[in-house]
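Trainee: compute the structure for the input listed below.
(one chain, ligands or ions: 2)
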Amino acid sequence: MSKRDYYEILGVAKTASADEVKKAYRKIAMQFHPDRNPDNKEAEEKFKEATEAYEVLSDATKRQRYDQFGHSGLHGGQDFHGFSNVNDIFSHFSDIFGGSSIFDDFFGQTSSRGRGRRRSTGTPGSDLRVTLKVTLEEIASGVSKKIKIKKHVTCESCKGTGSDGGSSTKTCSVCNGAGEIRNVSRSVFGQFVNIQPCSNCNGEGTVVDKPCRACVGDGRKLEEVTVKIDVPAGVSDGNYMTLRGQGNSGLRGGPAGDIIVVFQEIPHDYFKREGDDILYDLFISFPEIVLGTEVEVPTLNGKAKLKIDGGTQPGKLLRMREKGIQHLNQHGAGDELVRVNIFVPKKISVKERELLKELLDMPNIKISSGSGDDKNFFKRFGL
Ligand SMILES: [Zn+2]
Ligand SMILES: [Zn+2]
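Mentor: Numbering: from 1, shown residues only. Ligands and ions are numbered 1, 2, ... in the order given. The predicted structure is shown next:
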């Protein structure tokens, strides 16, 4: 595939100065920028072509090699960028034009974190992960909680700019505004370029002229703040919720990160959770289960009376409708299941022992203490 001449693409003379090259690229980039030409393949190609040309002609070493050997002079090294999509181009070029990228200036503040493009100013703040312990009672109907966390908040003295009294920013002297440091090494295989973000300016390309004294130029400060978290009813252990824009403030006006709240369910003293149902083990005495009784059982928001019919078999589950946990993001609630168990005392008095022995001889007690209602059992043993 024969390539067009880079000077021709940018419409500049072979003797053009670096400034002229930059101006020419800027003009073409604005005209064919994909934001202005949505779904226009031809514009995108022109944009990429111009960007490639600029990438070479703006670099003195590459330009010299190109002048000498043409396109073939550029492919020996490892430093040529293959742009897989236009967003790569943005992330690569947004720093070239100084603190704020031309694209953002021209098209308004269209940049966003979601589009993979670098912000015009400031490094985005990081996300904060918070584990929030909640009881089953709180989960059952939802709760609003306040927690204290330490996070970076926007500095009020400089309104996040990081500079004192409205002083301006200047190009970083370490990376000359590129935001990255390139280390070139040569070997028999060609040229290798190692690119790292500039540590002096945090990859922003600019530094604050006169830093704000309150925040030492960061534009943010570490503070303890109270955050309100509305726990939705029905959350489960390990569920999480994202509080957008409530994480750490960015450096020098960069966008804030998120708070990610991870819910941790505190095990309950006597309820077991099964989905949105809760299980309660009720223990009653042998006479009570035989005769029937009315008991009070705990619920997630108080107590409830429950009638146990005489002759209820141990292990039976009694269902109390909608006394469980509210469904997450849905109407209705789970149930409370009460499992009926017989309380077996470990210690008994002499009198109790006598009474129990007496009971043991009673015909109905004897049968039920054998093998239940299985009449065949008696036949099998010839009884
Ligand atoms: Zn400040
Ligand atoms: Zn720098």
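
Trainee: which element is encountered next along the chain beyond the strand or helix carrying K303?
Mentor: Per DSSP states H and E: K303 is located in strand 302-308. From strand 302-308 onward toward the C-terminus, using DSSP H and E, the following helix or strand is strand 317-320.

Trainee: in contact with the residue nearest the centre of the chain, which residues are there?
Mentor: Geometric centre of the chain, nearest residue: I260, 5.4 Å, by Cα atoms, centre = their mean. Residues counted as contacts of I260 (Cβ atoms under 8 Å, 6 or more residues apart in numbering) are 127-130, 240-243. From N, CA and C alone the C-beta is placed, and that goes for glycine too.

Trainee: cutoff 10 Å now
Mentor: 127-131, 240-243, 246-247 (Cβ atoms under 10 Å, 6 or more residues apart in numbering).

Trainee: that one bridge partners, please.
Mentor: I260 has these beta-bridge partners by DSSP bridges: R129, T242.

Trainee: what distance do you get for it to N248?
Mentor: 12 Å (Cβ to Cβ, to the nearest Å).

Trainee: mind listing the shared neighbours of the two?
Mentor: With Cβ under 10 Å, 6+ apart as the test, I260 and N248 both reach 127-128.

Trainee: which of the contacts of I260 are buried? Put it as a ChimeraX command.
Mentor: Command for ChimeraX, covering only those of those found buried under the criterion 16 or more other Cβ atoms under 10 Å:
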select :128,130,241,243,246,247
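
Trainee: could you count how many residues lie near Q326?
Mentor: Counted with other Cβ atoms under 10 Å, residues neighbouring Q326 total 21.

Trainee: and what of V235?
Mentor: Counted with other Cβ under 10 Å, V235 comes out at 22.

Trainee: that one reaches L132, doesn't it?
Mentor: Yes - here V235 lies in contact with L132, judged by Cβ atoms under 10 Å, at a distance of 9.5 Å.

Trainee: so what sits against both of these two?
Mentor: Counting by Cβ under 10 Å, 6+ apart, the residues touching both V235 and L132 are 138, 241, 261, 263.

Trainee: so what touches the host helix or strand of E358?
Mentor: Per DSSP H and E, E358 falls inside helix 350-360. Helix 350-360 has contacts (Cβ under 10 Å, 6+ apart) with 286-287, 345, 348-349, 365-366, 369.

Trainee: out of those, list just those in helices.
Mentor: In this view, those that belong to helices under DSSP state H are 286-287, 365-366, 369.

Trainee: closest to ligand 2 among the shared contacts of V235 and L132?
Mentor: V261 (35.5 Å; Cβ to the ion).

Trainee: dump the residue contacts of the nearest residue in space to that closest one that is not next to it in sequence.
Mentor: Excluding its sequence neighbours, the residue lying closest to V261 (Cβ to Cβ, 6 or more residues apart in numbering) is M241, at 4.7 Å. Listed by Cβ under 10 Å, 6+ apart, the contact set of M241 reads 130, 132, 229-232, 235, 258-263.

Trainee: wait, which of these is closest to ligand 2?
Mentor: Of all those, D258 has the smallest distance to ligand 2: 27.3 Å, by Cβ to the ion.

Trainee: near ligand 2, which residues of this structure?
Mentor: 172, 174-175, 198, 200-201 (Cβ under 5 Å from the ion).

Trainee: out of those residues, which end up buried?
Mentor: Among the residues of the chain next to ligand 2, those classed as buried by neighbour count (16+ other Cβ under 10 Å) are 172, 175, 198, 201.

Trainee: so which residues of the stretch 101-250 of the chain form helices?
Mentor: With DSSP state H, counting those that start in this stretch, the ranges of helices along the stretch 101-250 of the chain come out as 102-107, 136-141.

Trainee: any idea of the mean pLDDT in the first one?
Mentor: When pLDDT is averaged over helix 102-107, the result is 33.

Trainee: how about the last one?
Mentor: Averaged across helix 136-141, pLDDT comes to 95.

Trainee: tell me the contacts of whichever residue of the stretch 251-383 of the chain sits closest to ligand 1?
Mentor: Closest approach between the stretch 251-383 of the chain and ligand 1, counting by Cβ to the ion: R252, at 9.1 Å. For R252, the contacting residues are 99, 121-123, 154-155, 158, 160-163, 169, 201-202, 204, 206-208, 212, 215, 217-220, by Cβ under 10 Å, 6+ apart.

Trainee: hmm, try it at 7 Å
Mentor: Contacts for R252 (Cβ atoms under 7 Å, 6 or more residues apart in numbering) come out as 121-122, 160-162, 218-219.

Trainee: ok, it to N176 distance?
Mentor: Taking Cβ to Cβ, one finds R252 at 19 Å from N176.

Trainee: V134 too?
Mentor: Noted for V134: a distance of 52 Å to N176, by Cβ to Cβ.

Trainee: looking at these two, which one has more neighbours?
Mentor: Shown here are V134 and N176; by other Cβ under 10 Å, V134 has more neighbours (20 against 11).

Trainee: isn't that one right up against V262?
Mentor: No - taking contacts as Cβ atoms under 7 Å, V134 lies outside contact range of V262: 10.7 Å.

Trainee: lowest-confidence entry in the buried ones among the residues of the chain next to ligand 2?
Mentor: C201 (83).

Trainee: now for that residue: which residues touch it?
Mentor: Per Cβ under 7 Å, 6+ apart, neighbours of C201: 172, 174-175, 179, 207.

Trainee: which outside residues touch the strand holding K303?
Mentor: With contact meaning Cβ under 7 Å, 6+ apart, strand 302-308 is reached by 284, 289, 292-297, 318, 320, 323, 338, 340.

Trainee: pull out the buried members of those residues.
Mentor: Of the contacts of strand 302-308, these count as buried by 16+ other Cβ under 10 Å: 284, 289, 293, 297, 318, 320, 323, 338, 340.
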